[in-house]
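Novice: sharing a sequence plus its predicted fold:
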Amino acid sequence: MIKPAKNEVSDEIAIGIKGMNKWFGSFHALRDIDLTVNQGERIVVCGPSGSGKSTLIRCVNALEEHQSGQIIVDGIELTSDIKNIDKIRSEVGMCFQHFNLFPHLTILENCTLAQIWVRKTPKVEAEEIAMHFLEKVKIPEQADKYPGQLSGGQQQRVAIARSLCMKPRIMLFDEPTSALDPEMIKEVLDTMIQLAEDGMTMIVVTHEMGFARQVANRVIFMDMGQIVEQNEPEEFFKNPQSDRTKLFLSQILGH
Amino acid sequence: MAKNNAAFVRHQLIEEQAPPITERGVVKWVRENLFSSPFNVIMTLLSLWVIYSIIAGVAPWFINGVWNANSVRDCYDILDGATGACFAVLKERFPQLIYGFKYPSTEYWRPNTAVILLLFALAPILFRKLPRKFLLFSLIYPFLAYWLIWGGTPLVPVMAFLGFVIGVYCFRRFSANAFALGAIIGVIAANIFWVLGGYVVDANETFLALQAVPSRDMGGFMLNILLGTIAVALSIPLGILLALGRKSNMPIIKWICVLFIEFIRGVPLITLLFVANVILAFFLPPETSIDLILRVIVMMTFFNAAYIAEVVRGGLAALPSGQYEAANSLGLDYSKSMRFIILPQALKISIPGIVNTCVGMLKDTTLVSIISMFDLVGMIRGPILSSTSWNGVYWELFGAAATIFFVVCFSVSKYSQWLERQLETSNR
């Protein structure tokens, strides 16, 4: 088991969330969230469905709007100012459960589009960067195909490469393996482990507890829109404190 | 009872053989599709009889058709009681059917050239594989075509074109800071240029001038093509903007678009054309004389744009929200995510609907015959059928009109099917 450089965590704060609340209509989806993530930290968020874990990370890059509290990403506070939002989004990469590749563009174009139009990278250079990251996720040979011609695992790895091309300082993963067939989960997790070894700041919403044990500095358990428990992975799994955590762990590890 | 012996060995392998004659080729097809049951046999014989009667009725009409005659009476004399079409009217009135009856016959080369150049201008738009540089010609084409068809001095379209160029330049220059500022400065700059350009044109009215043809002299199928092409070309971008406006977060823009779409869709096209023709004249100051063709084009463009907006809205709604989120999370702003991610996919989904509305629009250009413009149908109904020489030649004339429109519309729909196959990128 690799313990990727837990000591590399710096003091610099990557994400600071203070007293953040989020409602969907009258439904109180996130309640009083306080969370600080340091640069280089890898955090796994778990919890039952509907507990608000996806909503939490979607708030971090403003895919969802929060109604109260403060979110500071990389020193920039998330307000409704569009310029701030776009700036934060280009610093924060995101991978989705359903990959969300652009089906009308080739794999290479998927990876170069944002570089060319957001980062203003010249096309040739953008393609070099794209190929570099496609090699990193081990599918350079698929560059000229369309997403519809790839397997789920390959698509998710392309999605990771697409985000990495923007050279983000933080990566968010929203259940990256839950839409995948079992034999493809490993290839995606391997890619993410490699990313962790390189020192990327990551927040991962996942039910892959093996991944949490191996990679995370901290595991956060959420329920009913609030953070119920957080701890180092070993302690978290060996010695859960709250009853809800115990129940949840017994349900997902019990078979 | 003797048991079957389970052991078996084949010593001689059987060669492949052709199926029996009843299971092969035409015979099989006929048996399976035409004579598979007594009911099918009856249906087959009945259909054969129907097909025979139709052909037997129509064929002589075509074969005996008279192509050389000066009037319908001549036709009857030549036919001498036999069944036969009087195609001579198509031959004799061909220029009228195509160009109307007032377009100067010495200038027919101009619309002809304009149509041929139209094909060149459309090619890079319709076929993505052609070099993108050809689009420059597509950009210049509308101004060139205006000069060819309406005549007059080429300075008019040149000034109009330069005005657009200056407007776009100013927009590009200033919209980096603020979109609205750029748009306003662009519009003002273009208008100032057009006013100044107007003086230049007035001073040089004979410069390289072609014989001027006023709008009321346009007619025939040329008029249909003119109205159809312009209305379709303008209404697609307008429709896309309306669809985006309807989905906008800004309430004023949203409600303007909703009102526009719902109003235009709720009114029959023919009503709008009457408005363009007569009612507008009551509301505008008496000295303004906006060209009738221009008024009709505006109405048709609005009408078609409202329908296209709804088709495109359907395409936008069909995209999974993940596409918007992925585009946003990569830092693409609204206009870039629309341009590169959302619209290419939404428009691809909308192709059948857009083509459907546009083919409908092409055919609806014949409605202008009701407001006494002499398009193809207007020519047939008016000057040709009411002339003493060709009174009563309905089938030949309307058959020809139907054929012409069918050829155009069928080509358009075949193109759209081809385009859909071209844009197919998934493995489905």
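Specialist: Perfect, thanks for sending it.
Novice: tell me where the stretch 301-428 of chain B has helices.
Specialist: Secondary structure of the stretch 301-428 of chain B, counting by DSSP state H, counting those that start in this stretch: helices at B:321-329, B:334-336, B:343-364, B:376-379, B:394-423.
Novice: the shortest one and chain A, are they touching?
Specialist: Yes - counting by C-beta under 8 Å from any C-beta of the partner chain, chain A is contacted by helix B:334-336 at B:K336. (Each C-beta comes from the backbone N, C-alpha and C, glycine too.)
Novice: picking up where we left off before, Throw the helices of the stretch 301-428 of chain B into CSV and include mean neighbour count, thanks.
Specialist: What follows is the helices of the stretch 301-428 of chain B, written out as CSV (neighbours: other C-beta atoms under 10 Å in any protein chain shown):
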stretch, mean neighbour count
helix B:321-329, 20
helix B:334-336, 15
helix B:343-364, 19
helix B:376-379, 24
helix B:394-423, 14
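Novice: in JSON lines, list those helices along with mean pLDDT.
Specialist: Shown next, in JSON lines, are the helices of the stretch 301-428 of chain B (pLDDT from 0 to 100):
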{"stretch": "helix B:321-329", "mean pLDDT": "92"}
{"stretch": "helix B:334-336", "mean pLDDT": "87"}
{"stretch": "helix B:343-364", "mean pLDDT": "91"}
{"stretch": "helix B:376-379", "mean pLDDT": "88"}
{"stretch": "helix B:394-423", "mean pLDDT": "90"}
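Novice: so which of those helices is nearest B:M300?
Specialist: helix B:343-364 (6.6 Å; C-beta to C-beta).
Novice: what residues does stretch B:307-317 touch?
Specialist: Contact partners of stretch B:307-317, identified using C-beta atoms under 8 Å, 6 or more residues apart in numbering or on different chains, comprise B:235-236, B:238-240, B:242-244, B:246-247, B:257, B:261, B:265, B:342, B:345-350, B:353-354, B:356-358.
Novice: how about the helices of the stretch 301-428 of chain B in TSV, adding distance to B:I192?
Specialist: Converted to TSV, these look like this (distance: least, C-beta to C-beta, whole Å):
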stretch	distance to B:I192
helix B:321-329	38
helix B:334-336	27
helix B:343-364	32
helix B:376-379	40
helix B:394-423	40
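Novice: closest to B:V50 out of those helices?
Specialist: Nearest to B:V50, of all these, is helix B:394-423, at 20.4 Å by C-beta to C-beta.
Novice: how about the closest one, does it reach chain A?
Specialist: Yes - applying C-beta under 8 Å from any C-beta, one finds helix B:394-423 touching chain A at B:L423.
Novice: related to what we said a few turns ago, for A:A212, which of the helices of the stretch 301-428 of chain B is the nearest?
Specialist: Checking the helices of the stretch 301-428 of chain B against A:A212 by C-beta to C-beta gives helix B:321-329 as the closest, at 23.3 Å.
Novice: on contacts alone, who are the packing partners of the helix or strand containing B:G197?
Specialist: Taking DSSP states H and E as the definition, B:G197 sits inside helix B:179-203. Here helix B:179-203 touches helix B:155-175, going by 3 or more C-beta pairs under 8 Å, 6 or more residues apart in numbering or on different chains; DSSP states H and E.
Novice: list the buried residues for the helix it packs on?
Specialist: B:155-161, B:163-164, B:166-167, B:170-171, B:174-175 (16 or more other C-beta atoms under 10 Å in any protein chain shown).
Novice: out of those, which touch chain A?
Specialist: With C-beta under 8 Å from any C-beta as the criterion, those include none near chain A.
Novice: now the helix or strand of chain B with the lowest mean pLDDT: buried residues?
Specialist: Within chain B, no helix or strand scores below helix B:280-283, which has a mean of 70 by mean pLDDT, DSSP states H and E. Of the residues in helix B:280-283, B:L280 count as buried by neighbour count, 16+ other C-beta under 10 Å.
Novice: what's the answer for stretch B:304-322, then?
Specialist: Going by neighbour count (16+ other C-beta under 10 Å), the buried part of stretch B:304-322 is B:304-313, B:315-316, B:319.
Novice: SS state for A:A29?
Specialist: Three-state assignment for A:A29 (DSSP: H, G, I helix; E, B strand; the rest coil): strand.
Novice: go ahead and confirm it touches A:S51.
Specialist: No - in this structure, A:A29 is not within contact of A:S51 by C-beta atoms under 8 Å, at 9.5 Å.
Novice: shaky segments in the stretch 101-250 of chain B?
Specialist: Scanning the stretch 101-250 of chain B for pLDDT under 70 picks out B:177.
Novice: residue of it closest to chain A, please.
Specialist: Closest contact between the stretch 101-250 of chain B and chain A, by C-beta to the nearest C-beta, is at B:N249 (11.2 Å).
Novice: are we agreed that that residue is in a helix?
Specialist: No - remark: B:N249 does not belong to a helix; assigned using three-state DSSP, it is coil.
Novice: which residues sit in contact with it?
Specialist: By C-beta under 8 Å, 6+ apart, the contact set of B:N249 is empty.
Novice: need phi/psi at it.
Specialist: Note on B:N249: backbone dihedrals following degrees, to the nearest 10 are phi -80, psi -10.
Novice: same question, A:D198
Specialist: Per degrees, to the nearest 10, the backbone of A:D198 is at phi -80, psi 0.
Novice: could you check the pLDDT of it?
Specialist: pLDDT, A:D198: 87.
Novice: now do the contacts for B:S71.
Specialist: B:S71 makes contacts with B:388-390, as judged by C-beta under 8 Å, 6+ apart.
Novice: and which of those is nearest to A:L56?
Specialist: Set against A:L56, the nearest of the contacts of B:S71 by C-beta to C-beta is B:W390 (79.2 Å).
Novice: so A:V37 makes contact with A:I43?
Specialist: Yes - here A:V37 lies in contact with A:I43, judged by C-beta under 8 Å, at a distance of 6.0 Å.
Novice: any common contacting residues for those two?
Specialist: Counting by C-beta under 8 Å, 6+ apart, the shared contacts of A:V37 and A:I43 are A:I203.
Novice: skip the chain neighbours and tell me the closest residue to B:N304.
Specialist: Closest residue to B:N304 apart from its sequence neighbours, by C-beta to C-beta, 6 or more residues apart in numbering or on different chains: B:S235 at 3.7 Å.
Novice: next one: the one you found from B:G245, what distance?
Specialist: Distance of B:S235 to B:G245, given as C-beta to C-beta, to the nearest Å: 15 Å.
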